[in-house]
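Visitor: what follows is a predicted protein model with its sequence.
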2 protein chains.
Amino acid sequence: MTTSKRIRIQDIAERVGVSTMTVSRVLNQDSKVSDAKRALVMKAVKELNYRPNVAARRLASNKSFFIGLLYFDDLDTSYLSKFLLRGLKICRSTGHHLVVEEIDDDINKALASVKELIEVTQVDGLILLPPICNNEKLLTTLQQANVSFVRIAPDTQLNLSPYICMDDYQASFEMTEMLIKQGHSKIGHIIGNPNQGVSRLRYQGFLDALRSNKINVPPEYIEQGLFTVDSGVEAAKKMLSLDDRPTAIFAANDAMAAGVLSAANMARISVPDELSIAGFDDGHLAVSVSPNLTTVRQPIQQMAELAIDIIASGKFSDLAKANAREFRNVLDFEIVERESTNTLK
Amino acid sequence: MTTSKRIRIQDIAERVGVSTMTVSRVLNQDSKVSDAKRALVMKAVKELNYRPNVAARRLASNKSFFIGLLYFDDLDTSYLSKFLLRGLKICRSTGHHLVVEEIDDDINKALASVKELIEVTQVDGLILLPPICNNEKLLTTLQQANVSFVRIAPDTQLNLSPYICMDDYQASFEMTEMLIKQGHSKIGHIIGNPNQGVSRLRYQGFLDALRSNKINVPPEYIEQGLFTVDSGVEAAKKMLSLDDRPTAIFAANDAMAAGVLSAANMARISVPDELSIAGFDDGHLAVSVSPNLTTVRQPIQQMAELAIDIIASGKFSDLAKANAREFRNVLDFEIVERESTNTLK
DNA sequence: AAACTTTATGATATCGCTAACAGTGTTTGT
DNA sequence: ACAAACACTGTTAGCGATATCATAAAGTTT
């Protein structure tokens, strides 16, 4: 093995002929370095392929370089793992580390473990995935503990912290319009779990798209689901047994859409010929059922990147800043047309 | 915030009345400490709720406390995320960190990035998930680089390194016997991706179970798949259109089993009444389709724990030891009966 | 032009831990 | 009985970075 001694900040300093502090300043974006020296240092850094020693940096700076990621068991595995994998990658490049913690059902246990996490690892910041990013007790605790946090797709108290989300309402609106353009006018909707705000947004987008196209929705075309496959099956069974059943069903997530598909199969209704189905999320599931689901792609990876960047860059430290416009990030979505929807014949 | 100063090794030393080295020795399982002092130190450690400062430890000891996890894109997300989540948890308790790296299709790029990973992060060891744990070039490179690694479910060169796996052959055998006990004798099998060794093992277990029960398998009941949903659909279509079609199909993983389910639905064959379906893996998918899949549960979490423990404990450093029996771990599986299989009527 | 800022740099002291060596006693070997 | 081996404990010196303070040079004010 080529035991090529690891390059230290000192090696660079010697090569360039400055002190280690100057190098450190350059590396930490500290502005008080002359352009000439900064350039020299940067050049040497590249030439020697210098990588900071995270441990030393952490020890000296008394920052932890840890980022906590809190999620709730409930969350779709594919959502989580996408977020996680991208997050881990980004972290590596910034020298941070992800500390992932599952949040307990029991809020008191959860609070205790989060407090423990904060004390023990001294995280620089936390990322809260939905739906726990809306838990009031948790949010209060974090504020009291004076920890920075970024929330993903929150639906309450939007100026409590920086957040990242996509426009669920608009996505739902556009998906519905797409179905309408395909000739559907009898469109059903399965609402998501009512204790997640996105369910309401998606429902509203659906309704408004129909209204703006002057299409009426009979109440039987709306069912309440729970974001689970089973709830999708149940809802679809009811809708599909109607005398005048819908020609398209838009479920508020992929799991329920998969449920609709199962129900359709059981009822011997062919998809997409007799029934179009649309989902929301574009997780693994969307391409694991056949026909593959038409769905809305959430920009999860991008969310992960942004979330980590916000914390890693230390851009916000005091809460005043945290409310600044730049920390309200609404990302673009994408409608992915696959095989489960089709023009109405 | 209670800014309770973090406890240092020195605080303990002072309280007990020994030097910091003695405390350090106790904490690092170094044997040369008298039982009396060891007990005192341990007591203080508990009372003060001491947690070592990982950064300092890393800096001083020149170990990285990093563990690399290499995976190939191909891998089922749910497999990966289960492994990852448990791995991250275990790591936290040992003070290690996971550095996760996706391996490129192009083996040369992959080797380059692995080398980079090793140099940059100075990992204490690597964990190789299937199928890349069988890649010869990669293995050779790692050996040359003199890095410790543990392989998960490898199927070649078994005494090259410690490994962890389950008995795929036996699991497949038992699953098949279960179907036979349910009264099935016309059982089809969809073989997994031929370039993963487990496919062969599962196929063999299937064949041997039938043979030991004196049941004949017509060649039309065996199809080659690729571990993908689509390949499952294709294989099932063929099998289900036979004049004398099987009453049960055992697919070598859940994705293909989900494919079989889709095909059955398309062909209006009811599951499990007219067709029983069994899968393998027990990932997220198994409970996302309906009916839920009967399948084999892989002890993924346990694999993760063990893998990390082996590396974290530094139990093996030279390759001689690495071949010892204790590093060949075959874990138990579990057959999970759900709704997709039923007694033949 | 004296007095005061501001800006760019360096010297030095840590951060919390462990490696390496240097003692103590205490046991063992011959 | 005296050297050699062993078991236990402490001392000292870093690991590689940053914080903090000090200093020199340049720019501003009055």
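Guide: Structure received. Because the structure is predicted, anything quoted here is derived from the model rather than measured. Numbers count the residues shown, from 1 in each chain, chains lettered A, B, ... in the order given.

Visitor: going forward, measure contacts between C-alpha atoms and count neighbours the same way
Guide: OK.

Visitor: give the next helix or strand downstream of the helix or strand of chain A with the lowest mean pLDDT.
Guide: Least confident helix or strand of chain A, by mean pLDDT, DSSP states H and E, is helix A:319-322 with a mean of 50. Where DSSP states H and E defines the elements, the next helix or strand beyond helix A:319-322 is strand A:328-331.

Visitor: how about A:F206, what does it touch?
Guide: Residues counted as contacts of A:F206 (Cα atoms under 8 Å, 6 or more residues apart in numbering or on different chains) are A:Y169, A:S172, A:F173, A:T176, A:H189.

Visitor: of these, closest to DNA strand C?
Guide: A:Y169 (47.2 Å; Cα to the nearest atom of the strand).

Visitor: name the element the closest one belongs to?
Guide: helix A:168-181.

Visitor: over to A:E234?
Guide: Assessed by DSSP H and E, A:E234 sits inside helix A:229-240.

Visitor: chain center to that helix, what's the gap?
Guide: Distance of helix A:229-240 from the chain centroid (Cα atoms, centre = their mean, to the nearest Å) equals 27 Å.

Visitor: residues from the stretch 1-150 of chain A in reach of chain B?
Guide: Along the stretch 1-150 of chain A, the residues adjacent to chain B under the rule Cα under 8 Å from any Cα of the partner chain are A:1, A:51, A:54-56, A:58-59, A:77-78, A:80-81, A:85, A:88-89, A:92, A:97, A:99-101, A:120, A:144-146.

Visitor: quick revisit: who does the helix holding A:E234 touch, helix- and strand-wise?
Guide: Counting contacts by 3 or more Cα pairs under 8 Å, 6 or more residues apart in numbering or on different chains; DSSP states H and E, helix A:229-240 packs against strand A:187-191, strand A:222-224, helix A:254-266.

Visitor: and these: which comes nearest DNA strand C?
Guide: When those are ranked by proximity to DNA strand C (Cα to the nearest atom of the strand), helix A:254-266 comes first, at 46.7 Å.

Visitor: next SSE downstream of the closest one?
Guide: Past helix A:254-266, the next helix or strand by DSSP H and E is strand A:276-278.

Visitor: contacts for that next one?
Guide: With Cα under 8 Å, 6+ apart as the criterion, strand A:276-278 contacts A:175, A:247-251, A:254, A:257, A:260-261, A:271, A:293-295, A:340-342.

Visitor: was I right about A:G95 contacting A:F65?
Guide: Yes - A:G95 lies in contact with A:F65 (Cα atoms under 8 Å); the separation is 7.0 Å.

Visitor: neighbours of the residue of the stretch 101-250 of chain A found nearest chain B, how many?
Guide: Of all residues in the stretch 101-250 of chain A, A:A145 sits closest to chain B, at 5.1 Å by Cα to the nearest Cα. Other residues near A:A145 come to 15 when the count uses other Cα atoms under 10 Å in any protein chain shown.

Visitor: and what of A:S61?
Guide: Neighbour tally, A:S61, other Cα under 10 Å: 10.

Visitor: same question for the one 4 residues further on.
Guide: Each residue near A:F65 was counted by other Cα under 10 Å, and the total is 24.

Visitor: confidence score at the residue in the stretch 51-200 of chain A positioned nearest to DNA strand C?
Guide: Going by Cα to the nearest atom of the strand, DNA strand C is nearest to A:A60 of the stretch 51-200 of chain A, at 3.2 Å. What the model reports as pLDDT for A:A60 is 91.

Visitor: what sits against the closest residue to A:Q122 other than its chain neighbours?
Guide: Once flanking residues are discounted, A:Q122 sits nearest to A:S64: 5.8 Å by Cα to Cα, 6 or more residues apart in numbering or on different chains. Counting by Cα under 8 Å, 6+ apart, A:S64 touches A:R58, A:T121, A:Q122, A:V123, A:D124.

Visitor: avg pLDDT for the helix holding A:Y169?
Guide: 97.

Visitor: tell me where the stretch 51-200 of chain A has strands.
Guide: When assigned using DSSP state E, counting those that start in this stretch, the strands of the stretch 51-200 of chain A occupy the ranges A:66-72, A:97-103, A:125-128, A:149-152, A:163-166, A:187-191.

Visitor: for the ones you listed, give me CSV that also has mean neighbour count.
Guide: Formatted as CSV, those follow (neighbours: other Cα atoms under 10 Å in any protein chain shown):
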stretch, mean neighbour count
strand A:66-72, 22
strand A:97-103, 21
strand A:125-128, 25
strand A:149-152, 26
strand A:163-166, 22
strand A:187-191, 27
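
Visitor: comparing those, which gets the lowest mean pLDDT score?
Guide: Across those, strand A:97-103 gives the lowest mean pLDDT, at a mean of 86.

Visitor: list the contacts of that one.
Guide: A:65-73, A:87-88, A:91, A:110, B:85, B:88-89, B:92, B:97.

Visitor: how far is it from where the chain is centred?
Guide: 15 Å.

Visitor: in the stretch 151-300 of chain A, which residue sits nearest chain B?
Guide: Using Cα to the nearest Cα, A:N265 is the residue of the stretch 151-300 of chain A that sits closest to chain B, at 5.4 Å.

Visitor: now that residue: how far from A:E274?
Guide: Per Cα to Cα, to the nearest Å, A:N265 is found 11 Å from A:E274.

Visitor: same deal with A:I222?
Guide: Counting by Cα to Cα, the gap from A:I222 to A:E274 is 19 Å.

Visitor: more neighbours, those two?
Guide: Neighbours of A:I222 and A:E274, each counted by other Cα under 10 Å, are more numerous for A:I222; the result is 20 against 16.

Visitor: once you drop chain neighbours, what's closest to that one?
Guide: What sits nearest to A:I222 in space, not counting adjacent residues and going by Cα to Cα, 6+ apart, is A:H189, at 5.1 Å.

Visitor: so what's the one you found up against?
Guide: A:H189 neighbours (Cα under 8 Å, 6+ apart): A:Y203, A:F206, A:Y221, A:I222, A:E223, A:I249, A:F250, A:A251, A:A252.

Visitor: quick check: the third one touching A:P246?
Guide: Yes - contact status for A:Y221 versus A:P246: in contact at 7.1 Å, counting by Cα under 8 Å.

Visitor: give the residues shared as contacts by these two.
Guide: A:I187, A:G188, A:M239.

Visitor: contacting residues around the residue lying closest to the first one once chain neighbours are set aside?
Guide: Distances taken as Cα to Cα, 6+ apart place A:A248 nearest to A:I187, at 4.8 Å, with adjacent residues excluded. With contacts defined as Cα under 8 Å, 6+ apart, the neighbours of A:A248 are A:L179, A:H184, A:K186, A:I187, A:G188, A:L275, A:S276, A:I277, A:A278, A:T341.
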